[in-house]
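Chemist: can you look at this prediction? I've put the sequence above it.
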Amino acid sequence: MNRNDAIDKLIKNWSIPWDIAAVVVEGKSSVDLKRFTFSSPEDISSFIKNYGFDVENARDRRVMHAMIVESISFILRKLIPSELRNDLKPPKEIFLCDDPSFLLGWASSIDKKFSYRQAWACAVLRVIHTISHIEDVKRITNLSEAREQIFNRFEPYVWRDGQGRLQFGTEDDHLEIEKIDYKGTKTRDSIILKLLHKRANIAETIYDLMGVRIVTKELKDVLLVVKLLTKYQMVTFANTHPSRARNTMLDFGKAREFLKEKVAQLSEGTLTHDDFFRQFDELNISYNYETEIQNPHSSTQYRSIQLTSRQLLRIPMESFSWLKKLQEKIDAGRLEKRKKAILEEFIALVEDWPNVSQSKVESVFFPYEVQIVDRQTYFSNQFGEAAYDRYKEAQIKTARKRVLGAVLRSV
């Protein structure tokens, strides 16, 4: 090997794709890559296969095409500023693309003549990557079944008394609340948008796909809600996510010290019922300072107690849904006696197959969020400086810059 060959080999060996390495080693998100480095169709095909799709599989090709279409549609509907919609249209070949192989090739281009197409290819691939994570969650979990099982933890403890007042707890242990909201799964656009401003960009990191908001009459009632949530196992304390706990509303330490002292005085008989509530009402247990911003898109005025827990769900497997349909047909009571007997015998035989009873149901932990606010804080959050519309606009701006940075710079 001559000297030039040795130098060429050294250059080849030590020409490290630093941006890709940073994703793997330093925690940089692949969504923030400005260019891909594929140099051949074989490299691209291998990447797609190891990512999880097979370009030779007809179903996978349809799924990939659908993700391309949805990605372009999302960018045009949600991320392009209204005043630039006539100027920021993707190139025709992007519009007509039905194969991510082409997008990956265009995203790897270093030819300045095609820089606009390169920027658009990267933008579409960023959203495709996000959509693929959402599809993973949908495959893992039946979201409608998850919603029903999670909300069933709360519904038995929410009822109205004889005067129509909304109560939370049991008949013997409850308090009146203002309202309770059950938040179902986010819209698909909302999930995509939220993932696009998260560094990890992984759907499993969205903990508030489902949640419950409890609005109390008074601030001090928040403490009783926390007690009832854990007492009746609506929230199992061992399944809460410590790093997701947020309290920007109530001075927990001050409330704890006050109640320890006053409960002791009540037990000793040195404090009356009326004096307890009078002193409690005089005590300021709300935060009166700016708290650290946990979410860069949230207003510092936003106040709440938020916690994230998880529940072990028992999800019926789709592969055995036909058994359920057969049983429903029997239960409908419209079959002839002979046909009913045949179906019942058939179902019994299937149920007796090894491992069928275990395989019919999948067990998976799924997160849900609980938010607790008092009535005054609720209205302040809804209509004050912390209003949701401003929060959403901040999300859109972040996602727009992240996905379309190079495209916007071309205008």
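Modeler: Happy to help now that I have it.
Chemist: what about Met249, distance to Arg147?
Modeler: When distance is defined by CB to CB, to the nearest Å, Met249 is 26 Å away from Arg147. The way it works is simple: take the backbone N, C-alpha and C, and place the C-beta from them, glycine included.
Chemist: which one's more surrounded, these two?
Modeler: Met249 (22 against 19; other CB atoms under 10 Å).
Chemist: how about stretch 240-256: buried residues?
Modeler: Buried positions in stretch 240-256, judged by neighbour count with 16 or more other CB atoms under 10 Å: 246-251, 255.
Chemist: what's the domain layout of the protein?
Modeler: Domain segmentation of the chain under automatic domain parsing yields 34-140, 143-250+286-311+365-400, 318-359.
Chemist: what is the end-to-end distance of the second one?
Modeler: Looking at domain 143-250+286-311+365-400, the gap from its leading to its trailing residue is 28 Å under the measure CA to CA, to the nearest Å.
Chemist: same list, the domains of the chain, but as a markdown table with mean pLDDT please.
Modeler: Output for those, formatted as a markdown table (pLDDT from 0 to 100):
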| stretch | mean pLDDT |
| --- | --- |
| domain 34-140 | 89 |
| domain 143-250+286-311+365-400 | 83 |
| domain 318-359 | 72 |
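Chemist: can I get these in JSON lines with distance to Gly27?
Modeler: As requested, these are exported to JSON lines (distance: least, CB to CB, whole Å):
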{"stretch": "domain 34-140", "distance to Gly27": "16"}
{"stretch": "domain 143-250+286-311+365-400", "distance to Gly27": "8"}
{"stretch": "domain 318-359", "distance to Gly27": "35"}
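Chemist: out of the buried residues of stretch 240-256, which are inside strands?
Modeler: 246-247 (DSSP state E).
Chemist: who does Glu369 form a beta bridge with?
Modeler: For Glu369, the beta-bridge partners under DSSP bridges are Gly211, Thr308.
Chemist: now Val403: which helix or strand?
Modeler: helix 388-409 (DSSP states H and E).
Chemist: so what does that helix touch, helix or strand wise?
Modeler: Helices and strands touching helix 388-409, by 3 or more CB pairs under 8 Å, 6 or more residues apart in numbering; DSSP states H and E, are helix 115-140, helix 188-196.
Chemist: what helix or strand is Lys325 on?
Modeler: Assigned by DSSP H and E, Lys325 falls in helix 321-331.
Chemist: can you name the next helix or strand after that helix?
Modeler: helix 337-351.
Chemist: elements contacting that following helix?
Modeler: Judged by 3+ CB pairs under 8 Å, 6+ apart, helix 337-351 is in contact with helix 321-331.
Chemist: so how far is the helix holding Val403 from its chain's centroid?
Modeler: Taking the mean of its C-alpha atoms, helix 388-409 sits 18 Å from the chain's own mean (CA atoms, centre = their mean, to the nearest Å).
Chemist: so which bits of it are buried?
Modeler: So, applying 16+ other CB under 10 Å, buried residues of helix 388-409: 394-396, 398-400, 402-404, 406-408.
Chemist: which two in those are spaced the farthest apart?
Modeler: Ala394 and Ala406 (21.4 Å; CB to CB).
Chemist: show me the strands in this structure, by range?
Modeler: Listed in chain order, the strands of the chain (DSSP E) span 158-160, 166-169, 174-183, 211-216, 246-247, 305-316, 361-374.
Chemist: same list (these) but as JSON lines, adding distance to Thr272.
Modeler: As requested, the strands of the chain are exported to JSON lines (distance: least, CB to CB, whole Å):
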{"stretch": "strand 158-160", "distance to Thr272": "31"}
{"stretch": "strand 166-169", "distance to Thr272": "25"}
{"stretch": "strand 174-183", "distance to Thr272": "21"}
{"stretch": "strand 211-216", "distance to Thr272": "24"}
{"stretch": "strand 246-247", "distance to Thr272": "31"}
{"stretch": "strand 305-316", "distance to Thr272": "30"}
{"stretch": "strand 361-374", "distance to Thr272": "25"}
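Chemist: and among those, the most buried is which?
Modeler: strand 211-216 (a mean of 22; mean count of other CB atoms under 10 Å).
Chemist: dump that one to PDB, restricted to CA.
Modeler: The C-alpha trace of strand 211-216 is given here as PDB (Å, rounded to 0.1, in the frame of the first residue of the first chain):
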ATOM      1  CA  GLY A 211     -56.600  12.300  31.900                       C
ATOM      2  CA  VAL A 212     -59.000  13.600  34.500                       C
ATOM      3  CA  ARG A 213     -59.400  17.100  35.700                       C
ATOM      4  CA  ILE A 214     -61.100  17.700  39.100                       C
ATOM      5  CA  VAL A 215     -62.200  21.200  40.000                       C
ATOM      6  CA  THR A 216     -62.800  21.900  43.600                       C
END
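Chemist: show me what that strand is packed up against.
Modeler: Using 3+ CB pairs under 8 Å, 6+ apart, strand 211-216 sits against strand 174-183, helix 221-231, strand 361-374, helix 375-383.
Chemist: repeat the analysis, applying 10 Å as the threshold.
Modeler: If you count contacts as 3 or more CB pairs under 10 Å, 6 or more residues apart in numbering; DSSP states H and E, strand 211-216 packs onto helix 143-151, strand 166-169, strand 174-183, helix 221-231, strand 305-316, strand 361-374, helix 375-383.
Chemist: angle of that strand against strand 361-374?
Modeler: On the basis of axes from the mean of the first three to the mean of the last three CA atoms, to 10 degrees, strand 211-216 is oriented at 30 degrees to strand 361-374.
Chemist: how far is strand 211-216 from where the chain is centred?
Modeler: For strand 211-216, the distance to the chain centre is 18 Å (CA atoms, centre = their mean).
Chemist: and what of stretch 260-275?
Modeler: Its chain's average C-alpha position is 44 Å from that of stretch 260-275, according to CA atoms, centre = their mean.
Chemist: got it, and stretch 341-352?
Modeler: That offset, for stretch 341-352, works out to 40 Å (CA atoms, centre = their mean).
Chemist: now stretch 147-160
Modeler: Worked out by CA atoms, centre = their mean, stretch 147-160 lies 21 Å from the chain centre.
Chemist: may I see the buried residues of it?
Modeler: 147, 149-151, 153-154, 157-158.
Chemist: let me have the buried residues of helix 388-409 in JSON lines, adding distance to Ala123 as columns.
Modeler: Converted to JSON lines, the buried residues of helix 388-409 look like this (distance: CB to CB, whole Å):
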{"residue": "Ala394", "distance to Ala123": "20"}
{"residue": "Gln395", "distance to Ala123": "17"}
{"residue": "Ile396", "distance to Ala123": "15"}
{"residue": "Thr398", "distance to Ala123": "14"}
{"residue": "Ala399", "distance to Ala123": "11"}
{"residue": "Arg400", "distance to Ala123": "10"}
{"residue": "Arg402", "distance to Ala123": "9"}
{"residue": "Val403", "distance to Ala123": "5"}
{"residue": "Leu404", "distance to Ala123": "5"}
{"residue": "Ala406", "distance to Ala123": "8"}
{"residue": "Val407", "distance to Ala123": "6"}
{"residue": "Leu408", "distance to Ala123": "10"}
